[in-house]
Every structure is written in C-alpha cells, then in structure tokens.
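Q: return atomic coordinates for the entry below.
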Amino acid sequence: MELVQAVRQRRSTAPVGEDAPTDDQLRNYLSIAAHSPDHAGLRPWRLVTLRGEQRRRLGQAMAIGFGDQTGTPQAERTASKTLRAPLLLGIVGVLSEHPKVPEWEQIAATAALITTLQLVLFDDGWTAMWRSGPAVDLVQVHRVMGLQPGEKLLGWLYVGSRDPRTQPSARDLVDPDVRSKLTTLPE
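A: Residues are numbered from 1 along each chain as shown. Prediction:
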C-alpha cells in the first residue's frame, strides 16, 4: 500500500474483528513505529498488552472507579467496553525531567508513535482505534495497568482484524479543506 493511500484510508472503525496481531508481530510493528519523531530519542512511552481476561480485569477496575455497583447492569456495561477488541494496548507516557524536552513534547512523541503504529497496523491489514476518556485518571485503573510514578496513562489502542463490512465512506476519502488552517506570520 502506498503511504498516501494508507494515510487517506486509515480510519478508526468499529466493529473490530476477533483476530489480533501476535506479540511477535506487535514487536515488529513497534520497532517500525519507533522511528516516529522523538526529540532526544527518549522513547517516552511503553505499551501494555491486554488480551483475554486481562481486558475484563481492566473493565472491572473502570466500573469500580466510576462507582458502579458490582453486579448491576451499569457495572456490566462499563466492564464490557474493554471487550470490544481482542487486543488492547495501554498507552503509557513514561515522562521524565529533561532540560531540552518538556513534558508536552514527550506526550507529543508518544502520540506520534501511536499514530505511526496505527498506520503500520493498517498497512498490514489490521484496524486500531485510540480510546481514552475519564477512565485514564482513575486510581483503580492505574493500579491494574501497573503505572509507576512519572507515568501518564493516555488511553488504549483497540486492535483487531478489519471487518470487511466497514469501508470508508465517500466523504472520508475526500481530502478536508485545510486552507484556513495554513496561515502566515502576522505583519
């Protein structure tokens, strides 16, 4: 697949199929994506894989963190959200003090990695959707994810096989009008 075609066609799609890349495949994809922009080569990120029942443990931590009563339909709905893909990759910013690379830039490097990883996955036939929301700040979720001091949970990449019924719409294939987004320095 040509790069421009991959960029134009990649979309976060649902539903996600039940197949997922293996750990060996993930390591290969990650080694490619790790070429993304990263000032000072800090690699200020790590990814946490969640498969099978690990996804349910995360969902239960979310339900508890949101105050859902165990065993209620609301708790089940919350907990089941993490089962929407066979593989979740927890996106963790591993932030450090650096004289030339502020925290925001380390988070930007992590976002660049994830964007590149999504393209690499898409190019090899997978789909991936970055999800976040208020759950990233829950203490119960941090505990389950094994966050360490200085780390910031930035969400999860939901990864799986592409559903052949999910195709980009004609609107998605048209380049957006970005003329108002490209400006010059004011006089």
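Q: going forward, measure contacts between C-alpha atoms and count neighbours the same way
A: Noted.
Q: skipping adjacent residues, who's closest to the spatially most central residue of the chain in space?
A: Nearest to the mean C-alpha position of the chain, by Cα atoms, centre = their mean, lies Leu157 at 2.9 Å. The shortest distance from Leu157 to any non-neighbouring residue, by Cα to Cα, 6 or more residues apart in numbering, is to Trp130 (4.4 Å).
Q: for that neighbour, grab the count of nearby residues.
A: Neighbouring residues of Trp130 were enumerated by other Cα atoms under 10 Å; the total is 18.
Q: cool, Gly160 as well?
A: 25.
Q: same thing with Thr13?
A: By the criterion of other Cα under 10 Å, Thr13 has 15 neighbours.
Q: pLDDT weak spots in this protein?
A: When residues are selected by pLDDT under 70, those of the chain lie in 1, 167-172.
Q: show the residue spans covered by the helices in it.
A: Using DSSP state H, the helices found in the chain span residues 3-9, 23-33, 53-65, 73-80, 103-123, 139-145.
Q: in the second one, which residues are buried?
A: What that stands for is helix 23-33. For helix 23-33, burial by neighbour count (16 or more other Cα atoms under 10 Å) applies to Tyr29, Leu30, Ala33.
Q: same check, this time on the first one
A: Neighbour counts using 16+ other Cα under 10 Å place Gln9 of helix 3-9 among the buried residues.
Q: same question, stretch 123-141
A: So, applying 16+ other Cα under 10 Å, buried residues of stretch 123-141: 123, 126-131, 135-138, 140-141.
Q: start to end distance for it?
A: In stretch 123-141, first residue to last residue: 31 Å (Cα to Cα, to the nearest Å).
Q: which strand of the protein spans the most residues?
A: strand 151-161 (DSSP state E).
Q: now the angle from that strand to helix 103-123?
A: On the basis of axes from the mean of the first three to the mean of the last three Cα atoms, to 10 degrees, strand 151-161 is oriented at 10 degrees to helix 103-123.
Q: which residues are contacting strand 151-161?
A: Contact partners of strand 151-161, identified using Cα atoms under 8 Å, 6 or more residues apart in numbering, comprise 16-21, 84-95, 125-133, 136-137, 142, 147.
Q: one more time with 6 Å
A: Here strand 151-161 makes contact (Cα atoms under 6 Å, 6 or more residues apart in numbering) with 16-17, 19-20, 85, 87-95, 126-132, 136.
Q: parallel or antiparallel, which strands does it pair with?
A: strand 87-94 (antiparallel), strand 126-131 (antiparallel) (DSSP bridges).
Q: centre of the chain versus the longest one, how much separation?
A: What separates the centre of strand 87-94 from the centre of its chain is 7 Å, taken as Cα atoms, centre = their mean, to the nearest Å.
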